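K.L.:
Using only what follows, build the 3D model:
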Amino acid sequence: MTAPVPTVRPRWLAPLVVLGLLLSLLWLLTPGQAAPGPGAQLLDHAQRFTPPDSNAIEQALPLHWDITAPGQQATTELRLRFDFPATNASPAEPWSLLIPRLGNAWAIELNGQALASAGRLDQPGDAWAAKRPVWLTLPTVLLQPQNELRIRLRMDTGRRAGLSRLWVGPTASLLPMRDREDWLRSSLPQAASVLSLVVATLCILLWLQQHDPLYAWAALGELAWALRVADSWWEASPLGWPAWGLFVLGLIWIWSGALYQFIAALQFSPRPRWERNTIYVSLLGGPLAYGVSWALHTLRGRDEMAQHLGPLAYGLGSGQQTPMFLVVWMLGTLLFWAVLNVRLAREVWRKPDLSRALVVIALALSLMAIGRDIYAGRASALHYEESAWAKYAAVTLALSVLVIVSLRFQQARDELLRLNSSIGQKLAQREAELTEQHVQVTALERDRAAAEERTRILRDMHDGAGAHLIAAIHQVESGQATRQELLQTLRESLDQLRLNIDAMHLPPGDINALLSSLRYRLERRIQAAGLRLVWRADELPLIAHFQSQQLRHVQFIVLEAISNAIQHAQGSRLTISATADPTHVVLEIRDDGVGAGAGAGNGLRSMRERAALIGAALEHLNDAPGTCVVLRLPLQPPV
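P.N.:
Model prediction:
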């Protein structure tokens, strides 16, 4: 018997996974600060010119346009000055410019000469959105002791437009900072997107295989989040603004709904109705809040009524970058998830479970990161340079989903192995029972076959040799039979007995062997009866479906026809012929006697019954002179 497959659940797995999630989060959110090398200059002040007002405004950097001028669309030019030391008039090493963040569309000039640009400055809401650090090598021929950078920016409402502090100086001095910014703003978000896509693909494959709703919701949520994180480094969006912003918010709504369904599928306690209704209201309220806020923004500034509606659209303070209704929706949704996470944590505390604990920890980290991002994006322009934490913290959710899916797959595999083991044991037990039953049935069948064979032999002996012995007894008792007649009866009985024994050893389906046995046993008896035997037998095909029982019936039919010819025909010649056509083997027993007694008694009836039992056709013909018995044996079994 096969032993059950044990399930291995190492005790160190849970703390190791939790520690890994925490360390990965700390590593992602606290990248090392790269200090600039010698000669690097920080540019943190500029003169800002915003048409139609041509007056210069002293602008401290970073500039966060949604905080500086909430709800306004504008194109701004910023001028920054830096020195190029005279000792580096012909530097061996080039100088470079590093801008960690700017946008939305931009163009940069050095001392009146264009250096680079991206997006369309004359097209508000253009699909382009600068999201990666800008790294430019400054041509040495353009550098002067006193230099002026001109940066023109197109500012779209609600799109985190602005300009961070700039660094300029020798390339070698700025490379560590450039690598850090690329790693933080490009490489890590790309890795986070790929991780979510890998997890989503794995979940889709598992869902197609097992149709577990947990995998479907995990795949949907991770796919939505992968696209959401891709927006943080994908600069050329497929749609213009604000359509693309609404699409990104839609991804967050999808992720939020899929995450809730994923939590429900993890089999926490049954979710209450108010909780489900709240998540539905949250999902439906997002688009509604976005639409109302954008409509109020569109009205703002058009007429006196719209001026009064402005505070509703952007809040009571000047520090709001996002429309008021949308901010309320964000904070309400965040509060709901915080309450939900506390409830889930209490459930895990009461009934510990690794998968649910991972979700609670990862969700708590994500909520803290999202809350920090909401605050940092609206509290002060100083946070403009900082990268959002949510896209990194949500990596812990992707890792948690990956671990949970792996654990669930392992559990399903262990359950399948246990099921297979149980089925194997049951099959082995059932096979042993069937084997025992088969042995019993085989023994019964063998006993039955032996009994039937004994019965058949006894019947044949009774019908053949027994009948002749009884006739001999009557002859002796009557005292009327001559010695020769008595010997003839006893010889017939002995021939019958020998034929019975021969029939036991005939090859299946071999009519040639059967006829040869009959000729060998009966030829002297036929001649002793005064008949000349004419034997005409071709080489006959085997009749595959004729076994010993069928051959025994053929033997009796032929023997009965010969016996009738010997006893009753009173002829001088007996002709036995055997031929074959495409469908039958044909046996003929013909005599040239009087023909009167050939059909008397039970002999002919017995022959017909035996022919019917083997599917053969029997004809009894009264010729002049004599009698002919024709037996047709089919080569194929009847359908």
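K.L.:
Could you tell me how far the spatially most central residue of the chain is located from Tyr215?
P.N.:
For the chain, the residue nearest the mean C-alpha position is Gln209 (2.5 Å; CA atoms, centre = their mean). Distance, Gln209 to Tyr215, by CB to CB, to the nearest Å: 9 Å. In this view, the C-beta of every residue, glycine as well, is placed from N, C-alpha and C.
K.L.:
As a check, name the ranges of all helices in the stretch 201-350 of the chain.
P.N.:
All helices of the stretch 201-350 of the chain, identified by DSSP state H, counting those that start in this stretch, fall at 213-230, 243-265, 273-299, 304-314, 324-350.
K.L.:
Kindly reformat these as JSON lines containing mean pLDDT and mean neighbour count.
P.N.:
Converted to JSON lines, the helices of the stretch 201-350 of the chain look like this (pLDDT from 0 to 100; neighbours: other CB atoms under 10 Å):
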{"stretch": "helix 213-230", "mean pLDDT": "90", "mean neighbour count": "23"}
{"stretch": "helix 243-265", "mean pLDDT": "86", "mean neighbour count": "19"}
{"stretch": "helix 273-299", "mean pLDDT": "74", "mean neighbour count": "16"}
{"stretch": "helix 304-314", "mean pLDDT": "37", "mean neighbour count": "15"}
{"stretch": "helix 324-350", "mean pLDDT": "83", "mean neighbour count": "16"}
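K.L.:
Let me know which of these is the nearest to Thr442.
P.N.:
helix 213-230 (51.1 Å; CB to CB).
K.L.:
My understanding was that Lys585 contacts Leu635; is that so?
P.N.:
Small correction: residue 585 is Val, not Lys. Yes: if you go by CB atoms under 8 Å, Val585 and Leu635 touch, sitting 6.8 Å apart.
K.L.:
Who has more neighbours out of those two?
P.N.:
Val585 (24 against 18; other CB atoms under 10 Å).
K.L.:
where in the stretch 401-550 of the chain is pLDDT low?
P.N.:
Residue ranges of the stretch 401-550 of the chain with pLDDT under 70: 449-450, 452-481, 483-489, 491-498, 500-505.
K.L.:
Where do the helices of it begin and end?
P.N.:
467-478, 483-504, 511-528, 548-564.
K.L.:
What values do phi and psi take at the nearest residue to Ile543 once chain neighbours are set aside?
P.N.:
Leaving aside its chain neighbours, Ile543 sits nearest to Gly509 (4.4 Å; criterion: CB to CB, 6 or more residues apart in numbering). Phi and psi for Gly509, reported as degrees, to the nearest 10, are phi 80, psi 10.
K.L.:
who touches Gly509 in this structure?
P.N.:
Counting by CB atoms under 8 Å, 6 or more residues apart in numbering, Gly509 touches Leu542, Ile543, Ala544, His545, Phe546, Gln547, Leu551.
K.L.:
The third one - nearest residue in space that isn't next to it in sequence?
P.N.:
Computed as CB to CB, 6+ apart, the closest residue to Ala544 that is not its neighbour in sequence is Gly509, at 5.2 Å.
K.L.:
First-to-last residue distance for stretch 229-245?
P.N.:
13 Å (CA to CA, to the nearest Å).
K.L.:
hmm, who's touching it?
P.N.:
104, 118, 124-132, 156, 158-159, 185-186, 189-190, 192-193, 196, 247-248, 251, 294, 387-388, 391, 394.
K.L.:
in that stretch, what counts as buried?
P.N.:
Val229, Ala230, Asp231, Ser232, Trp233, Trp234, Glu235, Ser237, Trp241, Pro242, Trp244, Gly245 (16 or more other CB atoms under 10 Å).
K.L.:
How many neighbouring residues does Leu574 have?
P.N.:
25.
K.L.:
That one against Ile526, yeah?
P.N.:
Yes: assessed by CB under 8 Å, Leu574 is found in contact with Ile526 at 5.9 Å.
K.L.:
Any chance you could list residues touching both of those two?
P.N.:
Leu533, Ile562, Ile566.
K.L.:
check contacts around the second one.
P.N.:
Shown here is Ile562, whose contacts under the criterion CB under 8 Å, 6+ apart are Leu518, Leu522, Ile526, Leu574, Ile576, Ile589.
K.L.:
Helix, strand, or coil at the fourth one?
P.N.:
Three-state assignment for Leu574 (DSSP: H, G, I helix; E, B strand; the rest coil): strand.
K.L.:
now do Arg48
P.N.:
strand.
K.L.:
these two touch, right, it and Ala60?
P.N.:
No: counting by CB under 8 Å, Arg48 stays clear of Ala60, with 10.0 Å between them.
K.L.:
These two: which is more packed in?
P.N.:
Arg48 (20 against 12).
K.L.:
Show the pLDDT at the closest residue to that one other than its chain neighbours.
P.N.:
Closest residue to Arg48 apart from its sequence neighbours, by CB to CB, 6+ apart: Gln59 at 4.0 Å. Note on Gln59: pLDDT of 90.
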